[in-house]
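A.B. asks: Have a look at this prediction, sequence included:
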Amino acid sequence: MRPRGASRRSPRGRRHRGPRHHRRRRSMPRLLPPTLVPVNAMRTVSTRLGEQVILGDLEDPDLLLWPGVLFGAELHEPLAQCLRERGFGVALVEAPGFGGGTLDRETFSMEDCGAAFLEVADALGVEHPVLGGTSWGGTSAMHAARCAPERVRGVVAMNAPFHRGDQSGFFSRLHLVVRTVPAGLFALGSIRTSLGRRAQRERGLAMARILRGSLKSARPVDRSAVARMVFRERDALFPALPGIDVPTLVVHGDEDSLCTLRGAVKAADLLPRASLEVIPGAGHLAAWERPVAVANAVDAFLRELRRPG
């Protein structure tokens, strides 16, 4: 006889709790990756460098972003998503030769990149744009401000190399590497140099997939040309910084092993109207590694630019 209070067990040994009430399980919403760019929010514009693809908010964007070397517009998607949620329009620029565009010149200067950035703004009808980007993109924005300070409303330079001393000797040979090494292998090898320690552990493969996709969107000859011109033949910005009288936000990861934080601090000191935001735990791709932290800084910067006077 079963002791009082003891529960019956089913033949398989499971506890039996009387009639089973079937409750309708509430279905969970399907979690999809955030869609940043509608398929129709794309435009191709002609610049002095070639045909460049522009994605995202194409009607009077608050910010235009140019990617780092060998990366495509996808690099800035997390940051753009954060800013769009706060009411800002962001246009993402594909590098010439990448993402379905063309690179029509074998040689070019950083001044050409700055001028091309302004040509993108002209094509979108933005008279006084805020220009920004990661690494090469930030430097291109700085050169646009240097060449046409009356045009540029502000600059967001993220992990930008302001002088050649920021780069190791490896990068002088990068144009050969990206032309011969398979895209997937090169992308995997870039995890350690591109990311901070935490992002390496948690999101390294995701970054490698993005870089691989970007590399495969460009011809090897175009990848090589971009790497050669940006790393071997770009002009140092440091001597020109005191004369760039444009509001500038310098954003830098404190674990950036490619472009030194010390260089960013010095650049912010030399620029007449600059502020510096250091992103803890971020490497060279701070905008991708810690988009919310970077968005906080960019949000405040853009709102300050909106203030009259």
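C.D. replies: Arrived safely.
A.B. asks: just the helices in this structure please.
C.D. replies: Remark: helices assigned in the chain by DSSP state H are 77-85, 110-123, 136-147, 174-180, 183-189, 191-194, 197-216, 220-232, 261-270, 286-289, 291-306.
A.B. asks: residues contacting the residue nearest to Ala297 when sequence neighbours are not counted?
C.D. replies: Nearest residue to Ala297 in three dimensions, chain neighbours excluded: Glu277, at 4.0 Å (C-beta to C-beta, 6 or more residues apart in numbering). For the C-beta atoms, the positions are set from N, CA and C on the backbone; glycine is no exception. With contact set as C-beta atoms under 8 Å, 6 or more residues apart in numbering, Glu277 has these partners: Leu249, Val250, Val251, His252, Val294, Ala297.
A.B. asks: Could you point out which of these is nearest to Thr193?
C.D. replies: His252 (15.7 Å; C-beta to C-beta).
A.B. asks: about what we covered before: can I get the helices of the chain in CSV with mean pLDDT and mean neighbour count?
C.D. replies: Converted to CSV, those look like this (pLDDT from 0 to 100; neighbours: other C-beta atoms under 10 Å):
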stretch, mean pLDDT, mean neighbour count
helix 77-85, 97, 21
helix 110-123, 97, 21
helix 136-147, 96, 27
helix 174-180, 59, 16
helix 183-189, 72, 17
helix 191-194, 84, 18
helix 197-216, 92, 17
helix 220-232, 82, 20
helix 261-270, 95, 18
helix 286-289, 98, 30
helix 291-306, 98, 17
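A.B. asks: As CSV, these with distance to Val130 would be great.
C.D. replies: Putting those into CSV (distance: least, C-beta to C-beta, whole Å) gives the following:
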stretch, distance to Val130
helix 77-85, 11
helix 110-123, 9
helix 136-147, 9
helix 174-180, 29
helix 183-189, 30
helix 191-194, 25
helix 197-216, 24
helix 220-232, 22
helix 261-270, 17
helix 286-289, 15
helix 291-306, 7
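A.B. asks: Could you point out which of those helices sits nearest Ile244?
C.D. replies: When these are compared by C-beta to C-beta, helix 136-147 sits nearest Ile244, at 5.2 Å.
A.B. asks: helices and strands around that closest one, which ones?
C.D. replies: Using 3 or more C-beta pairs under 8 Å, 6 or more residues apart in numbering; DSSP states H and E, the elements in contact with helix 136-147 are strand 63-66, helix 110-123, strand 130-134, strand 154-158.
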